[in-house]
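S.K.: coords below, sequence missing:
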RNA sequence: GGCGGCUUGGCCAAGUGGUAAGGCGACGGCCUGCAAAGCCGUUAUUCUCCAGUUCAAAUCUGGAAGCCGCCUCCA
């Protein structure tokens, strides 16, 4: 089965056929770098990172562009408040963004263009719009895109310009030809950063940078454009208007939009004060748990962030790692030479509009089957069992390279987890080991009440003992 | 008001018209001195409700109810 993609433009899943055989050109709207990124940004970035990895795995040569919006009203506002240069602010948040995305195991895109580094491209684009009569200059107000010059306006969001005009609540700027016309070049007010242009000193509007930069790196038309659902209107609608008005051809073949992250079933919003930042989530949970959480629902559905959902994902991840460790202890390693049934299921799920939730379900299913197999042979696989488990192991490792999760060595994963628990609770391992030895002695003497006393005592400190065939181990809860 | 989406077991969740994946939890078992952990097993005759199309519907059509998003900066 070939790849199918849900295309917002047509509201349905479509066979994915790139414009040029073997090549995919993809543009995703990145963050406006004026503040710390939240978990919603993380979802968008992780979702498109996974799509990027899957397209690459399918054999396409992918050019992946993700921009930084580094000129914007909010940045300027912050700059004035803090008395810092805009560039200092944007650099700070770009660095922070990169650090967080690295932690979430997100690959760097092919290009990460910044709006401020493409002002000539933007000016050039606006000039093309004006030359073709698609935009007009108003003295003192900048340059507007003319909606009336683009008959298909509204086709992405399913909106009718007439309806919108009627229901428009925005104060109508008398100088606009149509109240829906939007700014592509904005005159600078005193004290604001600006660039020289044929229309006076100013800066680009929000939408124009994406049209100009995608043209620069991907050309007049390209395969995939992504972003959060909220960008469908007006941002992406306006990009289409600008680019198609200039080039007279289809701008983007497939529009892909991810759903929101809710917090305890509420939308993240300033008024609710529930913005959940990536850095605070990273402080609480291992990065892999966060990434797995973000991939545990279909990318178009909303996903609810809560302590409970994170705990569940964390347990699930433990289960997968425990299985990998069990395989390794039983002498199973992946030779990577061929793929098995799990990989087929996984591919099927990913080809069905990047259904990572289904894909994870398939992994768990394989874990259960693998455990059953190991139970049957008491962890001593014969040749046949070894062969099928090797396929499972190889497949899981291959999957981890696409989903970007469970790719650590299992032993390292569990050790790290324990050390983090110790650090969080200031536990001295030597003291614990000593108590464990005392308990072992008591048990050897069949003094079980003393042994249980020690165990209870540790339990109260959130230290859980586990007696195994190779002695007692412990972990922090 | 306009546009779009969602409603599946205690909770989360996948689901391509062909007879309900998976995770968490709960319960039972194996293991253990007893536990814990781990593993295994069990856990939806049924998919918000009503009507229709069909040999066959969670999946298609029509209607109702509830919830949510976008329409203003927003991933």
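M.R.: Good, I have the coordinates. Predicted, not measured: the structure shown is a model, and the values here were computed from it.
S.K.: Can you show me the helices along the stretch 351-477 of chain A?
M.R.: Remark: helices assigned in the stretch 351-477 of chain A by DSSP state H, counting those that start in this stretch are A:356-376, A:383-403, A:410-425, A:429-444, A:448-460.
S.K.: hmm, which helix or strand of chain A has the shakiest average pLDDT?
M.R.: Lowest mean confidence among the helices and strands of chain A (mean pLDDT, DSSP states H and E): helix A:161-167, at a mean of 67.
S.K.: Give me the contact status of the next helix or strand after that one with RNA strand B.
M.R.: Next along the chain after helix A:161-167, taking DSSP states H and E as the criterion, comes strand A:182-187. No. For strand A:182-187, no contact with RNA strand B is found by C-beta under 7 Å from any atom of the strand; the gap never falls below 7.7 Å. All C-beta spots, glycine's among them, are computed from the backbone N, C-alpha and C.
S.K.: Just checking: what are the partner strands of strand A:182-187?
M.R.: strand A:142-145 (antiparallel), strand A:202-204 (antiparallel) (DSSP bridges).
S.K.: Low-confidence stretches in the stretch 101-250 of chain A?
M.R.: Applying pLDDT under 70 to the stretch 101-250 of chain A flags residues A:165-174.
S.K.: returning to what we had before: show me the one of the strands paired with strand A:182-187 that comes nearest residue A:417.
M.R.: Smallest distance to residue A:417 across the strands paired with strand A:182-187 (C-beta to C-beta): 46.8 Å, for strand A:202-204.
S.K.: which parts of that closest one are buried?
M.R.: For strand A:202-204, burial by neighbour count (16 or more other C-beta atoms under 10 Å) applies to A:202-204.
S.K.: Kindly report the same for stretch A:319-338.
M.R.: For stretch A:319-338, the neighbour count (16+ other C-beta under 10 Å) marks A:320-321, A:323-324, A:326-327, A:330, A:332, A:334 as buried.
S.K.: do stretch A:217-233 as well
M.R.: Going by neighbour count (16+ other C-beta under 10 Å), the buried part of stretch A:217-233 is A:217-218, A:221-228, A:231-232.
S.K.: Kindly report the same for stretch A:15-24.
M.R.: Residues of stretch A:15-24 classed as buried by neighbour count (16+ other C-beta under 10 Å): A:16, A:18, A:24.
S.K.: Could you list the contact residues of the stretch 1-150 of chain A toward RNA strand B?
M.R.: Contact residues (C-beta under 7 Å from any atom of the strand) of the stretch 1-150 of chain A with RNA strand B: A:11, A:29, A:31-32, A:38, A:40-41, A:43-44, A:74.
S.K.: Quick check: of the residues you listed, which lies closest to RNA strand B?
M.R.: The shortest gap between RNA strand B and any of those belongs to residue A:40, at 2.6 Å (C-beta to the nearest atom of the strand).
S.K.: tell me the contacts of the closest one?
M.R.: Going by C-beta atoms under 8 Å, 6 or more residues apart in numbering, residue A:40 touches A:228, A:260-261, A:268.
S.K.: among the residues you listed, which are in reach of RNA strand B?
M.R.: Subset of the contacts of residue A:40 in contact with RNA strand B: A:228, A:260-261, A:268, counting by C-beta under 7 Å from any atom of the strand.
S.K.: Which pair of these spans the longest distance?
M.R.: Maximum pairwise distance in these, criterion C-beta to C-beta, is 11.5 Å, between A:228 and A:268.
S.K.: list residues touching both of those two?
M.R.: Common neighbours of residue A:228 and residue A:268, using C-beta under 8 Å, 6+ apart, are A:40, A:260.
S.K.: Just give me the neighbour total for residue A:70.
M.R.: For residue A:70, the neighbour count with other C-beta atoms under 10 Å is 24.
S.K.: quick one, phi psi at the residue in the stretch 151-300 of chain A that RNA strand B sits nearest to?
M.R.: Nearest to RNA strand B in the stretch 151-300 of chain A, going by C-beta to the nearest atom of the strand, is residue A:228, at a distance of 1.9 Å. For residue A:228, the backbone dihedrals (degrees, to the nearest 10) come out as phi -70, psi 160.
S.K.: beta partners of it?
M.R.: Going by DSSP bridges, residue A:228 forms beta bridges with residue A:258.
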